[in-house]
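Enquirer: curious how this folds, go ahead:
(one chain, ligands or ions: 1)
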Amino acid sequence: MAERSNWGSKIGFILAASGSAIGLGNLWRFPYTAGNNGGGAFLFCYLLSVIVIALPVLIAELSLGRFTQRNPVGAYQAIRDSWLWKGVGYLGVVSGLMILSFYSVVAGWTVGYFAKAVSGHFSGITPEKAAEQFGGFVANPWLQIVLLTIFIAMTVYIVAKGISGGIEKYSKLLMPMLFGILLLMLVRSLTLDGAGAGIKFYLTPDFSKITAGTIIAAMGQAFFSLSLGMGTMITYGSYLGKQEKIPSAAGWVAFLDTAVAVMAGFIVFPALFSQGINPADQGTGVMFNILPVLFDKMPLGFLFGPLFFVLLAIAALTSTISLLEVPVAYYIDQKGWGRKKAAYIIGAVSLLFAIPSALSQGPVPFLSKLPLINRDFLSLWDFIWGNLSLSIGAFMVAIFVGYIWKSKKAVAEIRISSGFNWAPLWEILIKFICPILILLILMGLFL
Ligand code: TRP
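Expert: This is a model prediction of the structure:
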């Protein structure tokens, strides 16, 4: 087998893995999901999901990847060659393609909003005008398709160039910059008149509001945000050197990712409440509706606005790269394709699948309100691939690592390079707590 390329350094891995984790999931998906699911109640379920379910699964995926040195299909196959586990690997490959499709539509919005920010579209804006602006923007089908295509093309270009030459280089500088600008936005939002109501909404969990739907949304969001349940972290782990410490790398990635999501809530909710907007009535565009208003009220907002949208687009790009990398690694390892060919073909396929999502935010009646389901196509795709499929995938990873590969062997793999005092607790989590909780939560869907 050809020598597998490795991350240049430990910090390179943490940056690349958090680059995959941190993206639109934190800044676009988290605020609207939290807003539609009771704010504080959601935050509470989310944090619990991250610690109890997602972090153990992250450690499992990374160690499985490093041990097998394969893409997800190959990783399962290397340990247990059966149709079931091959199928789980395929599900991951398909999910990567499908998440990439709707994700790139929203990523295209960030590019469009960069252009709006640069050209002064936010100055003197009111919440009503912001909503009108967003509505007009997403309803323009050609613009949507052009932006989407630009985004997928950038992703393909970087993935075609390969692991450390491509992915790592781009993550290093820009993530800390995004962090810095988020801090400034946080300060501005928290000091707006009426911000207190937003903080209260976000931090006071109303436990009576927690339903099966809230819990499913929170767990799915934890998987989505940490890029779990479809093999991204198996693939990234396969590029991880044997000297790297998996528990601390996993801890850092989970911590940084959660910090950004929590910050996004502290930016969006105070800003919404200060404008008298109830987050529960907001759709998927909430971030694009409120941030222009926030930038308009910020000193040097005309500078920070464009800068924020560029950084957000880059954060989205480091995530789409990791989404495309899974199917690409599969076609390279299992089918012997060249990296370029794999990246171009899969990129083109996901562009085709993205078109219904791109058109679904506009006036096309069928796509924008699917009969029976009462959702638009983009949210439907997001729910199927970004929540259900990932939850099933995470469940299967827990079972696989716990019982097929066996958690003891995973612990041995982790201990090659690192102490792991939590090993007994982690084994209990991955063998019993995670699979049982995921199953129970998914069953809530049918109640
Ligand atoms: N985690 C990324 C975000 O929050 C999105 C993402 C990248 C992803 N790779 C993934 C989600 C794999 C699920 C699975 O924006």
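Enquirer: which helices and strands sit right next to the strand or helix carrying I145?
Expert: In this assignment (DSSP states H and E), I145 forms part of helix 141-161. In terms of contacts (3 or more C-beta pairs under 8 Å, 6 or more residues apart in numbering; DSSP states H and E), helix 141-161 is packed against helix 83-118, helix 301-335, helix 339-359. Where C-beta positions appear, they are placed from N, C-alpha and C, glycine not excepted.
Enquirer: a markdown table for the ones you listed, including mean neighbour count, mean pLDDT and distance to the ligand?
Expert: Shown next, in a markdown table, are the helices and strands packed on helix 141-161 (neighbours: other C-beta atoms under 10 Å; pLDDT from 0 to 100; distance: least, C-beta to the nearest ligand atom, whole Å):
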| stretch | mean neighbour count | mean pLDDT | distance to the ligand |
| --- | --- | --- | --- |
| helix 83-118 | 22 | 96 | 5 |
| helix 301-335 | 23 | 92 | 4 |
| helix 339-359 | 20 | 97 | 13 |
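Enquirer: which strand or helix spans the closest residue to F420 other than its chain neighbours?
Expert: The shortest distance from F420 to any non-neighbouring residue, by C-beta to C-beta, 6 or more residues apart in numbering, is to I414 (5.0 Å). Remark: I414 resides in helix 407-415, with elements defined by DSSP H and E.
Enquirer: what pLDDT, on average, does whichever helix or strand comes after that helix get?
Expert: Following helix 407-415 in sequence order, the next helix or strand is helix 423-428 (DSSP H and E). For helix 423-428, the mean pLDDT works out to 98.
Enquirer: next one: helix 423-428 to chain centre, how far?
Expert: 26 Å (C-alpha atoms, centre = their mean, to the nearest Å).
Enquirer: check which helices and strands that helix is in contact with.
Expert: Secondary elements touching helix 423-428 (3+ C-beta pairs under 8 Å, 6+ apart): helix 407-415.
Enquirer: okay, buried residues for the helix holding I414 please.
Expert: 407, 410-411, 413-414 (16 or more other C-beta atoms under 10 Å).
Enquirer: tell me which of the residues you listed is nearest to M177?
Expert: M177 lies nearest to I414 out of the buried residues of helix 407-415, by C-beta to C-beta, at 32.2 Å.
Enquirer: residue contacts, that closest one?
Expert: Listed by C-beta atoms under 8 Å, 6 or more residues apart in numbering, the contact set of I414 reads 59, 63, 246-247, 420, 423.
Enquirer: rerun that using 10 Å as the cut-off
Expert: If a contact means C-beta atoms under 10 Å, 6 or more residues apart in numbering, then I414 has 59-60, 62-63, 66-67, 245-247, 250, 420, 422-423, 426 as its contacts.
Enquirer: in the stretch 101-250 of the chain, which residue sits nearest the ligand?
Expert: The stretch 101-250 of the chain approaches the ligand most closely through S227 (3.5 Å), counting by C-beta to the nearest ligand atom.
Enquirer: for that residue, helix, strand, or coil?
Expert: Per DSSP: H, G, I helix; E, B strand; the rest coil, the secondary structure class of S227 is coil.
Enquirer: next one: W337
Expert: coil.
Enquirer: separation between it and G162?
Expert: 13 Å (C-beta to C-beta, to the nearest Å).
Enquirer: surely S417 meets Q243?
Expert: Yes - assessed by C-beta atoms under 10 Å, S417 is found in contact with Q243 at 5.2 Å.
Enquirer: which element is P247 on?
Expert: helix 246-274.
Enquirer: what residues of that helix count as buried?
Expert: For helix 246-274, by 16+ other C-beta under 10 Å, it's 246-247, 249-254, 256-258, 260-274.
Enquirer: now the helix holding I145, how far from the chain's geometric center?
Expert: The answer for helix 141-161 is 18 Å, by C-alpha atoms, centre = their mean.
Enquirer: and stretch 213-228, by the same measure?
Expert: Distance, stretch centre to chain centre, for stretch 213-228: 10 Å (C-alpha atoms, centre = their mean).
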